[in-house]
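Undergrad: Sequence first, predicted model second:
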There are 4 protein chains.
Amino acid sequence: MLIVMKHNATEAQIGSVVDVIKEMGYGARPIPGEQRTAVGLIGNDGQVDSARLQGLEGVLEVIPVTHPYKQVSREWREENTVISLENGTTIGGDEIVIMAGPCAVEGEAQILGIAHELREMGATVLRGGAFKPRSSPYSFQGLGLEGLHFLAKAREETGLAIVTEALDPDGADLVAEYADIIQIGARNMQNYPLLRRAGQTGKPILLKRGLSATIDELLLAAEYILAEGNDDVILCERGIRSFDQHTRNLLDLAAIPVVKALSHLPIIADPSHGTGLRAKVTPMGRAAIAAGADGLIVEVHPDPPHAMSDGAQSLYPAQFGEMMEQIRVIAKAIGRDVTRPLSGVVAR
Amino acid sequence: MLIVMKHNATEAQIGSVVDVIKEMGYGARPIPGEQRTAVGLIGNDGQVDSARLQGLEGVLEVIPVTHPYKQVSREWREENTVISLENGTTIGGDEIVIMAGPCAVEGEAQILGIAHELREMGATVLRGGAFKPRSSPYSFQGLGLEGLHFLAKAREETGLAIVTEALDPDGADLVAEYADIIQIGARNMQNYPLLRRAGQTGKPILLKRGLSATIDELLLAAEYILAEGNDDVILCERGIRSFDQHTRNLLDLAAIPVVKALSHLPIIADPSHGTGLRAKVTPMGRAAIAAGADGLIVEVHPDPPHAMSDGAQSLYPAQFGEMMEQIRVIAKAIGRDVTRPLSGVVAR
Amino acid sequence: MLIVMKHNATEAQIGSVVDVIKEMGYGARPIPGEQRTAVGLIGNDGQVDSARLQGLEGVLEVIPVTHPYKQVSREWREENTVISLENGTTIGGDEIVIMAGPCAVEGEAQILGIAHELREMGATVLRGGAFKPRSSPYSFQGLGLEGLHFLAKAREETGLAIVTEALDPDGADLVAEYADIIQIGARNMQNYPLLRRAGQTGKPILLKRGLSATIDELLLAAEYILAEGNDDVILCERGIRSFDQHTRNLLDLAAIPVVKALSHLPIIADPSHGTGLRAKVTPMGRAAIAAGADGLIVEVHPDPPHAMSDGAQSLYPAQFGEMMEQIRVIAKAIGRDVTRPLSGVVAR
Amino acid sequence: MLIVMKHNATEAQIGSVVDVIKEMGYGARPIPGEQRTAVGLIGNDGQVDSARLQGLEGVLEVIPVTHPYKQVSREWREENTVISLENGTTIGGDEIVIMAGPCAVEGEAQILGIAHELREMGATVLRGGAFKPRSSPYSFQGLGLEGLHFLAKAREETGLAIVTEALDPDGADLVAEYADIIQIGARNMQNYPLLRRAGQTGKPILLKRGLSATIDELLLAAEYILAEGNDDVILCERGIRSFDQHTRNLLDLAAIPVVKALSHLPIIADPSHGTGLRAKVTPMGRAAIAAGADGLIVEVHPDPPHAMSDGAQSLYPAQFGEMMEQIRVIAKAIGRDVTRPLSGVVAR
């Protein structure tokens, strides 16, 4: 950490910065420059609270040099974290994982039907919300526990792994009983009690980036889970808030290579929420793979016009099938492969 | 709601939009135009899920005409909601409320000392975090229950009302036992289980705008609380995320007159988090009052350089006193008054 | 255009909206709803100034239904605009164009050397700035006319087409004498005198999206050029401003399929300015092609550490070569091809 | 400037960073830390191009320590720049300047009529566009030279100073003949040929912040004008782009105290473009003054519903009068005064 002094800072002010740093338990090294002096804070482990220094007299600004996160960083662990699910799917290695399914579990027939279709087309993880966070209190909020039962049945029948969202700490325990992966939604990325409890379940966690979360904040949220002793975190870029209204969110694909350089954790993309528009899901799904994503999570519904939520961004099954074919080619262009289908058959 | 068709939409496509609307239980009225046809959806109460219509063949875009919230809107209730606290402070009427205190409760002496000072200078509500949401799992997380005890003692001694944050549903019940106002922080604005449980306590809720929440989303989050039968919601503008790095957040003061026009709920401003910089707190606090805010919530610390969190944005008590004097004049310029101090003495 | 009235708007207010619409020369059709009345404005050609209606008494909001641009829209012309350069390169058809070169022309040897290399690796258009817009008045501003001469020589020697930037109206005329494509930079996207003069030269124009331009504003800027009778506009997504600081800009790849649906004009991507970081250029270049871009414009420098500008985002020639190979495969995955190299040899 | 090395950077890589710095003509000082080494670049004047260093092997990031601007900074000149107009108005001193008038000059009677009204209510500078930059090529583009003549006549009759916009370099010369202040609009903030030519006229320049310009970029744009030997620059906050659609732009009032701390130049606010909505202009105008702005520029139209542009954000003259009264009180609360009216009469 570097504390930059104003050009007219007095010796006393510089001395007082040095004193506060020492009081905080670190080393201080003044670096006189032509225009101004800076004071280097030495010996910290990346978790210094800069606020105390920022307000001192004569301080122009405080510049963090080390990142504030620790266990999630590639400097902490060089090799990629690879997460293995019971059905053989791995996430974060050479293979690209495809998670797919409807926005919400709407009934047993719906989820079983689509699960079988998706399995044939090569998805190995089934998504579907049982507990739905909705902007309006009057919107459909999910089937709850019943939805979890239907998901469990779909897994039993198809072998697909299950990813579904938990909304609060108690919910995390419940979801952990039924799912292979617990999803933490974008709105809850900084819901720390939820992150902690989800981490404690020991299940893999799919952590979605908040709508206006910086990449550092996403990594710090993941750090909450790793701090509970759970290293199996899958990050997910799902679009951030921006000013253009043509798409629901702005899918920040550059976050993928940025995260891969900073962290050993896998990162996938959600082109459905990332665009909000069916016609843009396939191009952005392809683009995410080309950018180096470790996988996709995609909304597919057997009958989008009658979906109870997010119909406008859900692919028809046939569209999903076409996207899978294109993705297989793109994966090869960068030396990777889409996870081998559970059906043992690669479509076409 | 208006469903705009593509200029080359077929009669069959228009018919199918009409059919889906009727199936959803609403009326449909096609409006042929020179370039394209639009279909009006009639008879909805503002909670239509547009997603289903958005993805239909031939649809160019779906334009919501009514707002998605209900009880929070000024069309639902014309007159301002005025919230009365036990110590006589009212929020949302002619008077301007000033809430002040340290970021975190750090100990008994700290909170009691500053509470007495703030009371003398005219604050009537004391802020102070017992449970702190922190970006890093390694930062100070608050004193917890002990902090609540210290706050209760400060209230007993000074008569100041207490506002403090709850982080999860169980915490809401706990905070409700000690506080006059339960704060929902910006990170939790869309934490729906927390909003519901906080609403059920019947206590006034201070709901902070999320970092990238639109004004409609803020109002919808408040709607979750009103839907539990609790009308006592105080909204709070506390800065949104933007691209300039000179301030921690971007305080969106125009949100104040915008919210006052859309909703009957009171709205206050937090110039401390809204800027992150001590030297900008006073100008932005003044500006918020000039813009029509119903009050301020301000971080004041007896010794900012030694604060355990947010020291850089905390005012010194003397600075707070000066701001209070300026605010009293500004309030009068727009026909309002700062709440009468509990000490019975108006500074100057 | 739809003028939505407040729910308590009077008949007189509705009548006055109808009157103003008629006075503006359009038709007006009131649409009574359950909660409020809306008035449809009929017969406009997309260029109505809504400001006048927005401020009328009783008006809640004005919702544009038709887009404000005309000649650039796909409704105006269904088939893709395909631009042909003298060296046989086409832009906007099935082929994907690759434009590459240094940020700035720094000298004759530099530009000739890199031009030959790029030609061998398959680029068919050479980029290089002779006039450089720089944030600081003290930075290197380009070689000017001399730079144009060096570019012309590079074209003569290699057959590569030339794209280079014009900064003001007189400069547009000058650049038109030397270049095959006149570039309008992001900072000048709404510099209307420049757009007009560039349009009048009749040369193809590469129009870069402004840092905070909406897609509609980008299309409206292009409309300025088409309004001068020049249809040969190539749009370019080059990153927009956002809040994360890990990349210089945020490359909005979803803009590509969005623009392709709204307009017949070709759109390419600039992954160099779009990320600002060499290591992210190749993944984002691949992603742009996968998203459906009609081409790329990429900074390549023979010796990036000694570049006079933008060295940090310039590829080494060898990196560019590798990206080209990957892009060829990705192009095929979506049924397209990279433009055939001028050298007649497809690398590998 | 601080060049932070990766934690596993080799001695050779550090050495090569030192070499490049020396080659660039500066001093280099390696600062070994616990986790990584940083290299300080010493002896620069704030205009170092970091790009060259950013891309070197082993470099994690490059952190600028000194600001990139020079003459505009408060470190260059401590006391406020105060600009004096011929009619006695000063800008940047204790007095608060009020500029007002219609968006566009629409005719002689319109501009003369409103000028007299505004003078009576206390404005001392008249605004009005003769050359209008419009998003659409089909919108009204201003009266041009005729508009300048009308403005000149208004000055002659009322004594009000004139501020009006120039769109291109030749236009700057023309406007300089008629106006007291040349306005550079938000879209042209980084139109460097225009900034230079406007600077050369020697006239005071009103420089509006671009829609997504950082504060540093605004100051750098001003630096272009000071670099021409013209110190009379008035900065203007007029709203930046954000994600909420309730207002046209987001007025960033915190920019005012931030700029006042960084620079000696005056800064005013434009609540009309900053909100785009008549009903929000007065609250935000008041807030700007409370935040410390040196003045306002406000759109006032004799008959907003019939304005040829920006009617929705134009105040009625009576509303402007009320705002003036409130502003006078607010100015006093912070020890300032609104400029004495030319009419010699303070309203009320």
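TA: Looks like it arrived, so ask away.
Undergrad: how about whatever residue of the stretch 151-300 of chain A ends up closest to chain B, what does it touch?
TA: Closest approach of the stretch 151-300 of chain A to chain B (C-beta to the nearest C-beta) occurs at A:S212, with a separation of 3.2 Å. (Glycine included, C-beta is placed from N, CA and C.) A:S212 makes contact with A:I240, A:R241, B:G210, B:L211, B:S212, B:I240, B:R241, C:F243 under the criterion C-beta atoms under 8 Å, 6 or more residues apart in numbering or on different chains.
Undergrad: Need the pLDDT of it.
TA: Per-residue confidence at A:S212 stands at 93 (pLDDT).
Undergrad: Return the backbone torsion pair for it.
TA: Per-residue torsions, A:S212: phi -130, psi 30 (degrees, to the nearest 10).
Undergrad: Could you find the closest non-adjacent residue to it?
TA: B:S212 (3.2 Å; C-beta to C-beta, 6 or more residues apart in numbering or on different chains).
Undergrad: Distance-wise, check that neighbour relative to B:P133.
TA: Per C-beta to C-beta, to the nearest Å, B:S212 is found 16 Å from B:P133.
Undergrad: which regions of the stretch 51-200 of chain A sit below the pLDDT cut-off?
TA: Residue ranges of the stretch 51-200 of chain A with pLDDT under 70: A:65-66.
Undergrad: Which single residue in the stretch 51-200 of chain A comes nearest to chain C?
TA: In the stretch 51-200 of chain A, the residue that lies nearest chain C is A:H67 (10.8 Å; C-beta to the nearest C-beta).
Undergrad: tell me the contacts of that residue?
TA: So A:H67 contacts A:G46, A:S73, A:D216, A:L219, A:L262 (C-beta under 8 Å, 6+ apart).
Undergrad: quick one: which of the residues you listed has the most company?
TA: Using other C-beta atoms under 10 Å in any protein chain shown as the neighbour criterion, A:L219 leads the contacts of A:H67 with 26 neighbours.
Undergrad: Which residues are in contact with that residue?
TA: A:H67, A:Y69, A:V72, A:S73, A:V259, A:L262, A:S263.
Undergrad: Out of those, name the ones that lie in helices.
TA: For the contacts of A:L219, the ones inside helices are A:V259, A:L262, with DSSP state H as the criterion.
Undergrad: Tell me if A:G40 really is in a strand.
TA: Yes. Membership of A:G40 in a strand is supported by DSSP: H, G, I helix; E, B strand; the rest coil.
Undergrad: quick one: it and D:E11, what's the gap?
TA: Distance of A:G40 to D:E11, given as C-beta to C-beta: 20 Å.
Undergrad: who has more neighbours, the two?
TA: Higher neighbour count among A:G40 and D:E11: A:G40, with 20 against 10, using other C-beta under 10 Å.
Undergrad: Quick check: the more buried one vs D:E61, distance?
TA: Plainly put, A:G40 is 16 Å away from D:E61 if you go by C-beta to C-beta.
Undergrad: So for the longest helix along chain A, mean pLDDT?
TA: Scanning chain A for the helix with the most residues, using DSSP H, yields helix A:317-333. Across helix A:317-333, pLDDT averages out at 97.
Undergrad: what about the nearest residue to A:H306 once chain neighbours are set aside, how many residues close to it?
TA: Nearest-residue entry for A:H306: B:R52, 6.9 Å, with adjacent residues in sequence omitted and distances by C-beta to C-beta, 6+ apart. By other C-beta under 10 Å, 22 other residues sit near B:R52.
Undergrad: for A:K22, same thing?
TA: 12.
Undergrad: residues touching it, list them.
TA: Neighbours of A:K22 in contact, by C-beta under 8 Å, 6+ apart: A:A28.
Undergrad: hang on, it is in a strand, isn't it?
TA: No. According to three-state DSSP, A:K22 belongs to no strand; its state is helix.
Undergrad: That one and A:M5: what is the separation?
TA: A:K22 sits 17 Å away from A:M5, going by C-beta to C-beta.
Undergrad: With A:P68 instead?
TA: Distance from A:P68 to A:M5, by C-beta to C-beta: 23 Å.
Undergrad: Who has more neighbours out of those two?
TA: Per other C-beta under 10 Å, whichever of A:P68 and A:M5 has more neighbours is A:M5, with 24 against 21.
Undergrad: Name the nearest residue to the more buried one, sequence neighbours excluded.
TA: Nearest non-adjacent residue to A:M5, counting by C-beta to C-beta, 6+ apart: A:T37, 4.8 Å away.
Undergrad: So in terms of bridging, what pairs with the one you found?
TA: According to DSSP bridges, the residues that bridge with A:T37 are A:P32.
Undergrad: wait, what's in contact with it?
TA: Counting by C-beta under 8 Å, 6+ apart, A:T37 has contacts A:M5, A:A9, A:I14, A:P30, A:I31.
Undergrad: Do you know the pLDDT at it?
TA: On the pLDDT scale, A:T37 gets 82.
Undergrad: Give me the domain ranges for chain A.
TA: A:2-63, A:83-338 (automatic domain parsing).
Undergrad: starting at the chain centroid, how far to stretch A:108-124?
TA: 24 Å (C-alpha atoms, centre = their mean, to the nearest Å).
Undergrad: does chain B sit close to it?
TA: No. Legend: contact between stretch A:108-124 and chain B by C-beta under 8 Å from any C-beta of the partner chain is lacking; minimum distance shown is 14.9 Å.
Undergrad: Keeping just the C-alphas, turn that stretch into CSV.
TA: Taking Å, rounded to 0.1, in the frame of the first residue of the first chain, the C-alpha atoms of stretch A:108-124 are listed here in CSV:
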residue,chain,number,x,y,z
GLU,A,108,-42.8,-32.6,-12.6
ALA,A,109,-43.6,-33.2,-16.2
GLN,A,110,-42.0,-30.0,-17.3
ILE,A,111,-38.7,-30.6,-15.6
LEU,A,112,-38.5,-34.4,-16.4
GLY,A,113,-39.3,-33.8,-20.0
ILE,A,114,-36.7,-31.1,-20.6
ALA,A,115,-34.1,-33.0,-18.6
HIS,A,116,-34.3,-35.9,-20.9
GLU,A,117,-34.0,-33.7,-24.0
LEU,A,118,-31.1,-31.7,-22.6
ARG,A,119,-29.2,-34.9,-21.7
GLU,A,120,-29.5,-36.1,-25.3
MET,A,121,-28.2,-32.8,-26.5
GLY,A,122,-25.1,-33.0,-24.3
ALA,A,123,-25.8,-30.9,-21.1
THR,A,124,-24.5,-32.7,-18.0
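Undergrad: got a list of contacts for it?
TA: A:85, A:87-89, A:97-102, A:105, A:126, A:128, A:150-151, A:153-154, A:157-161, A:300-302, A:317, A:320-321, A:324, A:338-339, A:341-343, A:345-347.
Undergrad: mind redoing it with 7 Å?
TA: Applying C-beta atoms under 7 Å, 6 or more residues apart in numbering or on different chains, the contact partners of stretch A:108-124 are A:87, A:89, A:97-102, A:105, A:126, A:128, A:150-151, A:153-154, A:157-158, A:160-161, A:300, A:302, A:317, A:320-321, A:324, A:338-339, A:341-343, A:347.
Undergrad: Of all the residues in that stretch, which ones are buried?
TA: Neighbour-count burial for stretch A:108-124, counted by 16 or more other C-beta atoms under 10 Å in any protein chain shown, picks out A:110-112, A:114-115, A:117-124.
Undergrad: do stretch A:127-142 as well
TA: A:127-139, A:141-142.
Undergrad: okay but A:E57 is in contact with A:A12, surely?
TA: No. Using C-beta atoms under 7 Å, A:E57 makes no contact with A:A12, being 8.7 Å away.
Undergrad: Looking at those two, which is more packed in?
TA: Counted by other C-beta under 10 Å, A:E57 and A:A12 do not tie: A:E57 has more neighbours, with 13 against 9.
Undergrad: how about the helices in the stretch 51-200 of chain A?
TA: Counting by DSSP state H, counting those that start in this stretch, the stretch 51-200 of chain A has helices at residues A:51-54, A:108-121, A:145-158, A:169-178, A:192-200.
Undergrad: just those helices: most buried one?
TA: helix A:192-200 (a mean of 23; mean count of other C-beta atoms under 10 Å in any protein chain shown).
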